[in-house]
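In: Quick one: sequence and predicted model below, then my questions.
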Amino acid sequence: MKAAGAAAKRGTPAPGALAMSQAVRALHAVREDGVTAEEALLRLGSDAADLAATRAILSGSLRWYLRLAPLVDALLRPGQVLAPPLHPLLVVALHQLEYSRAPAPVTVNIAVDAARVLRQAAAAGLINALLRRFLAEHAALCARVERSEAAAVAHPRWLLREIRAVAGPAADAVIAANNESPPMSLRVNLAHGTREAYLDRCAAAGIAARSGLLPTTVVLDEAVDVGRLPGFALGVVSVQDAGAQHAAVLLDAQPGERVLDACAAPGGKTCHILERTPDLDLAALDVSPARLARVQQNLDRLGIAANLIAADLAAEDWWDARPFNRILLDAPCSATGVIRRHPDIKLLRRATDIAGFAATQQRLLRRCAQLLAPGGRLVYATCSILEAENEAVVGDFLAAHPGWSRAQEDMRLLPAPRAAGAGAVTDGFYYACLTNGGSGAR
Ligand SMILES: C[S@@+](CC[C@H](N)C(=O)[O-])C[C@H]1O[C@@H](n2cnc3c(N)ncnc32)[C@H](O)[C@@H]1O
């Protein structure tokens, strides 16, 4: 590996070194500043190049961070301190060595050049030496680090405890699902034709796809750019996980009803509700105007309309005092059901955050209760798998609201890995269907 970084010495980094260095900067921002991966990518600025590759390297490095960072630590001498970008650089390089198909010498050269791009030219030799040692002592290093279950499966300890408590014998499948790249699932707009007809269109376009969990769900064998999806621009199909497609079905809005989507952005469920029942008086509310703009974009693509409201659900001033027949509360949550889509969650969430989410969920649920017409239906949803944000929130709400009850059994979906088959693959979700009595709350 004497040639390592030779291209960079000549002033042209090896192909891939720029994307790797950008992923390192973004990983550093997630770790040190606690920002999300999306925010970290935005921080790279408008002159960032090769963003798709950067995003892929960052996602993988975050997914396996809790295994890779201890491996990096095991490579260092006791007390050895690295300049700030070098630890994340080694994490990213180890990710490429462990989980990409690139030949090891190529990855080492790219990492050495990435060090130069990161203005750490003096550390080029150190990076080269540490990565060569990693390759030479791979089995022993992995065996040592993986004595810790948290490192072996790259999950924080508190989350492993929660997953085991919630999932029991399915815990290993949940952990496996969390550690895979996310499946791409679609929701077929049945107003444009059947799912089977859409599967034929995919086949004709050379896109391998299968039937998913619900009659509207299609799961792709490989993710594709939405521009390649037949009819996407015309609203024939939308990108949405199978588990998320239960929300509109459970809400079961009927023509002419007044409906509130209480935490609507970016609008996946709003659009599904209107696809199923176009003749609705639907208010889509969200506290974030920027995210609400994405609801409008989705509605425009599908050629449907809703009344968009940028407001805090808990505030008084946005409501005209006319009650809603149905309310969907897709509450902000820990997102522990969608870790494979947002692997930064494994690093950003703390066990101590959960009580704060539960308090917000309680507050928003109580607010929705004031807005529902007698005999109405309120669907409480989260993409969390944690009991504290799901059954416990609903249990506390029902205990404090006599006259309210469950209209049907709760639905709890655990993340299912691709190996479960297209017909079973889903993210983790929780749904409780609540009613304040009367006959309208089927
Ligand atoms: C889980 S996301 C909703 C996803 C959306 N239902 C969908 O399917 O596309 C939760 C949303 O709640 C919004 N939110 C959080 N607190 C809120 C509040 N107090 N009032 C209104 N919206 C809120 C967030 O801005 C975020 O867009």
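Out: Yep, that arrived.
In: From now on I want contacts and neighbour counts done on CA atoms only, so please keep to that.
Out: Fine.
In: show me the contacts for the residue nearest to residue 74 when sequence neighbours are not counted.
Out: In space, and not counting its chain neighbours, residue 74 is closest to residue 141: 7.0 Å by C-alpha to C-alpha, 6 or more residues apart in numbering. Neighbour list for residue 141: 71, 74, 134 [criterion: C-alpha atoms under 8 Å, 6 or more residues apart in numbering].
In: how distant is the helix or strand where residue 141 lies from the center of its chain?
Out: Element membership for residue 141, per DSSP states H and E: helix 138-145. Here helix 138-145 shows a centroid-to-chain-centroid distance of 30 Å under the convention C-alpha atoms, centre = their mean, to the nearest Å.
In: Extract the C-alpha set from that helix and format it as PDB.
Out: Output in PDB follows, covering the C-alpha atoms of helix 138-145 (Å, rounded to 0.1, in the frame of the first residue of the first chain):
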ATOM      1  CA  HIS A 138      -9.600  -8.600  11.900                       C
ATOM      2  CA  ALA A 139     -10.800 -11.800  13.500                       C
ATOM      3  CA  ALA A 140      -9.200 -11.200  16.900                       C
ATOM      4  CA  LEU A 141     -10.300  -7.500  17.000                       C
ATOM      5  CA  CYS A 142     -13.900  -8.400  16.100                       C
ATOM      6  CA  ALA A 143     -14.000 -11.300  18.700                       C
ATOM      7  CA  ARG A 144     -12.800  -8.900  21.400                       C
ATOM      8  CA  VAL A 145     -15.200  -6.100  20.600                       C
END
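In: residues touching the nearest residue to residue 118 once chain neighbours are set aside, list them.
Out: Closest residue to residue 118 apart from its sequence neighbours, by C-alpha to C-alpha, 6+ apart: residue 21 at 6.4 Å. By C-alpha under 8 Å, 6+ apart, residue 21 lies in contact with 89, 114-115, 117-118.
In: any chance of the contacts of residue 141 in a markdown table, plus neighbour count, pLDDT and distance to residue 108?
Out: Formatted as a markdown table, the contacts of residue 141 follow (neighbours: other C-alpha atoms under 10 Å; pLDDT from 0 to 100; distance: C-alpha to C-alpha, whole Å):
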| residue | neighbour count | pLDDT | distance to residue 108 |
| --- | --- | --- | --- |
| 71 | 22 | 98 | 16 |
| 74 | 15 | 97 | 18 |
| 134 | 20 | 98 | 11 |
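In: near the ligand, which residues of the stretch 151-300 of the chain?
Out: 263-269, 286-288 (C-alpha under 6 Å from any ligand atom).
In: looking at those, which has the most residues close by?
Out: residue 264 (28 neighbours; other C-alpha atoms under 10 Å).
In: how close does it get to residue 283?
Out: Residue 264 is 9 Å from residue 283, where distance means C-alpha to C-alpha, to the nearest Å.
In: what does the longest strand anywhere in the chain contact?
Out: Determined from DSSP state E, the single longest strand within the chain is strand 372-382. Strand 372-382 has contacts (C-alpha under 8 Å, 6+ apart) with 247, 250-251, 323-333, 335, 365, 368-369, 389-390, 407, 429-442.
In: 7 Å - rerun?
Out: Residues from elsewhere that reach strand 372-382 (C-alpha atoms under 7 Å, 6 or more residues apart in numbering): 251, 323-331, 333, 429-441.
In: among those residues, which are in helices?
Out: Among these, DSSP state H puts residue 251 in helices.
In: In PyMOL, how would I select just the buried ones from the contacts of strand 372-382?
Out: With 16 or more other C-alpha atoms under 10 Å as the criterion, this PyMOL line picks the buried residues out of these:
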select buried, resi 251+323+324+325+326+327+328+329+330+331+333+429+430+431+432+433+434+435+436+437+441
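In: Now tell me which helix or strand of the protein has the poorest mean pLDDT.
Out: Of all helical and strand segments in the chain, the minimum by mean pLDDT, DSSP states H and E falls on helix 6-9, at a mean of 48.
In: The residue nearest to residue 118 and the ligand, how far apart?
Out: 31 Å (C-alpha to the nearest ligand atom, to the nearest Å).
In: Is that residue within a helix or a strand, and which one?
Out: Following DSSP H and E, one finds residue 21 within helix 17-33.
In: what about the residue nearest in space to the middle of the chain, which SS state?
Out: Taking C-alpha atoms, centre = their mean, the centroid of the chain lies closest to residue 341, which sits 3.2 Å from it. At residue 341 the chain is in coil, as set by DSSP: H, G, I helix; E, B strand; the rest coil.
In: Ignoring the adjacent residues along the chain, who's closest to it?
Out: Nearest residue to residue 341 in three dimensions, chain neighbours excluded: residue 182, at 5.6 Å (C-alpha to C-alpha, 6+ apart).
In: Wait, that neighbour touches residue 340, no?
Out: Yes. Counting by C-alpha atoms under 7 Å, residue 182 touches residue 340, with 5.4 Å between them.
In: Counting neighbours around each, name which of those two comes out higher.
Out: A count of neighbours by other C-alpha under 10 Å puts residue 340 above the other of residue 182 and residue 340, at 25 against 20.
In: ok, that one - contacts?
Out: 177-182.
In: For it, give its distance to the ligand.
Out: Using C-alpha to the nearest ligand atom, we find residue 340 at a distance of 15 Å from the ligand.
In: Over the following helix or strand past the longest strand of the chain, what's the mean pLDDT, rounded is fine.
Out: Going down the chain from strand 372-382, the next helix or strand is helix 391-400, by DSSP H and E. On average, the pLDDT along helix 391-400 is 98.
In: Can you pull the phi/psi pair for residue 184?
Out: Dihedral pair for residue 184: phi -100, psi 110, per degrees, to the nearest 10.
In: Test my guess that it contacts residue 223.
Out: Yes. With contact defined as C-alpha under 7 Å, residue 184 counts as touching residue 223 (5.3 Å).
In: Using CSV, please lay out the contacts of residue 141 together with distance to the ligand and secondary structure.
Out: Below are the contacts of residue 141 laid out as CSV (distance: C-alpha to the nearest ligand atom, whole Å; DSSP: H, G, I helix; E, B strand; the rest coil):
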residue, distance to the ligand, secondary structure
71, 34, helix
74, 38, helix
134, 40, helix
